[in-house]
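[1] The amino acid sequence is not available; the structure is as follows:
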């Protein structure tokens, strides 16, 4: 393998840095900066200087609720500062591609190529197994319907048991003397 094609970061590491935010697969600015070998501040400055290259479907700023939702999955806090100062930028696949135009180092270009190949593999895997995902979704819907029916059945049973526990009035023919 030539030096220009050498893998800088294992694919598994890159894949572990892809998250779902706003129903999109994204990578966060500070993790991309780490992969590219630059400071997060440098990456954000480059993006801000070229903000017209990053429309909303390429990059967006995470809000506090989204960040709190991801905190259990990732470590975003710098212990020396006591936490993140700014909300992270989230880059979609297109945004990551655009970063290669903004960050022009050799390492950034090689890492970008690797990331795009991983996104492509993920998309191919999803397409190859689309029928399985559809079937799983159908089974989940069926299970939800069954859960609702079981809950209804238990509600009826509990009402029936409550009625059984109440004393019943006797009905029928009664003979004198007995």
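    Yep, it's here. Everything numeric in this text was worked out from a predicted model, so none of it was measured. Residues are numbered from 1 along each chain as shown.
[2] and the longest strand for the chain?
    strand 24-28 (DSSP state E).
[3] and residue 171, which of the three is it?
    Classification of residue 171 by DSSP: H, G, I helix; E, B strand; the rest coil places it in coil.
[4] For the longest strand of the chain, name the packing helices and strands.
    When contacts are defined as 3 or more CB pairs under 8 Å, 6 or more residues apart in numbering; DSSP states H and E, strand 24-28 packs onto strand 19-21, strand 89-91, helix 93-102, helix 106-128. C-beta here means a position set from N, CA and C on the backbone, and glycine is covered the same way.
[5] So in that sheet, which strands flank it, and in what orientation?
    Under the criterion DSSP bridges, strand 24-28 sits next to strand 19-21 (antiparallel), strand 89-91 (antiparallel) in its sheet.
[6] In this model residue 46 seems to touch residue 33, though I could be wrong.
    No: using CB atoms under 8 Å as the test, residue 33 is too far from residue 46 to be in contact (10.0 Å).
[7] what's around residue 57, how many residues?
    Residue 57: 10 surrounding residues under other CB atoms under 10 Å.
[8] ok so it is a strand residue?
    No: counting by three-state DSSP, one finds residue 57 to be coil, located in no strand.
[9] nearest to residue 155, of the strands paired with strand 24-28?
    Distance to residue 155, taken as CB to CB, is lowest for strand 19-21 among the strands paired with strand 24-28, at 35.6 Å.
[10] For that closest one, which residues meet the burial criterion?
    19, 21 (16 or more other CB atoms under 10 Å).
[11] Could you name the helices and strands sitting against the helix or strand hosting residue 137?
    Following DSSP states H and E, one finds residue 137 within helix 130-165. Of the remaining helices and strands, none touches helix 130-165 by 3+ CB pairs under 8 Å, 6+ apart.
[12] gap between the residue nearest the centre of the chain and residue 132?
    With distances taken as CA atoms, centre = their mean, residue 20 lies nearest the centre of the chain, 2.8 Å away. Distance, residue 20 to residue 132, by CB to CB, to the nearest Å: 19 Å.
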